[in-house]
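Chemist: Need coordinates for the following:
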Amino acid sequence: MLYAIDDALKRQARTPHELLMINLAAFHLLLAPVSIALDIGAWGLLLPPLLSSLVIAYIYRRAHRATADTPWFVLMHWRLAWRRCRLLLMGYAGSALIIGGGSLLALTAQKHSMQDIIFTIATRVGVMPTIIIVLVLFVLANSGLELAGKGEVPDGLLKLYPSPAE
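Modeler: Predicted coordinates for the structure are as follows:
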């Protein structure tokens with residue numbers, strides 16, 4: 001639903017979507033390849049989700065602990081960004097399941113070289129859920145920026161959190 005919102009509120013409503021995009025770009029597009037290039041090893045796979053989780057926690061906090069001076073329109077966009085962050089957390093869970101399962105499978109192998117091969121395959125396949133979700137989230141965050149710029153709130157959020165003006 002479209003609302004007549006002034007430009008200052010539109011800029012505030014764009015903030016959570018911009019923060020989500022910065023999170024995706026910094027920790028998934030830049031930090032992940034850097035950790036591979038620096039040859040940090042398997043622990044390098046944990047850096048992007050751990051640092052990204054800090055930003056996600058901040059978005060969650062802003063979406064659920066609104067202050068009295070937070071306008072409803074801005075709060076709805078923080079909540080929209082949080083809903084999209086949940087997709088990223090699901091991608092992390094999927095990746096963790098695949099990599100964890102591959103690690104357990106690798107432990108059952110007799111030869112050390114076979115363990116390395118199985119673990120390498122599991123990590124290569126395991127990062128795919130996160131990569132796919134990151135790509136989808138870039139599109140969704142961009143649409144969130146556009147919604148905030150137009151003064152629009154998705155109908156799904158309106159059903160959960162009706163406008164105080166209505």
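Chemist: can you give me the helices for this protein?
Modeler: For the chain, the helices defined by DSSP state H cover 7-24, 31-37, 47-64, 72-107, 112-126, 128-150, 155-160.
Chemist: OK, contacts around Tyr3?
Modeler: By CB atoms under 8 Å, 6 or more residues apart in numbering, the residues touching Tyr3 are Phe73, Gly151, Glu152, Val153, Ser163. To be clear about C-beta, it is placed using only N, CA and C from the backbone, and glycine gets the same treatment.
Chemist: same thing but 6 Å
Modeler: Each residue near Tyr3 by CB atoms under 6 Å, 6 or more residues apart in numbering is listed here: Gly151.
Chemist: Dihedrals phi and psi, it?
Modeler: phi -130, psi 150 (degrees, to the nearest 10).
Chemist: what's the distance between it and His64?
Modeler: 22 Å (CB to CB, to the nearest Å).
Chemist: What of Ser53?
Modeler: 16 Å.
Chemist: Counting neighbours, go ahead and name the busier of the two.
Modeler: Ser53 (17 against 11; other CB atoms under 10 Å).
Chemist: quick one: average confidence on stretch 26-40?
Modeler: In this model, stretch 26-40 has a mean pLDDT of 82.
Chemist: Quick check: buried residues in it?
Modeler: Phe27, His28, Leu31, Ala32, Ser35 (16 or more other CB atoms under 10 Å).
Chemist: same thing with stretch 143-159?
Modeler: Buried, per 16+ other CB under 10 Å, within stretch 143-159: Gly144, Leu145, Leu147, Ala148, Gly151, Glu152, Val153, Pro154, Leu157.
Chemist: for the worst-scoring helix or strand of the chain on mean pLDDT, packing partners?
Modeler: Least confident helix or strand of the chain, by mean pLDDT, DSSP states H and E, is helix 31-37 with a mean of 78. If contacts are counted by 3 or more CB pairs under 6 Å, 6 or more residues apart in numbering; DSSP states H and E, helix 31-37 sits against helix 47-64.
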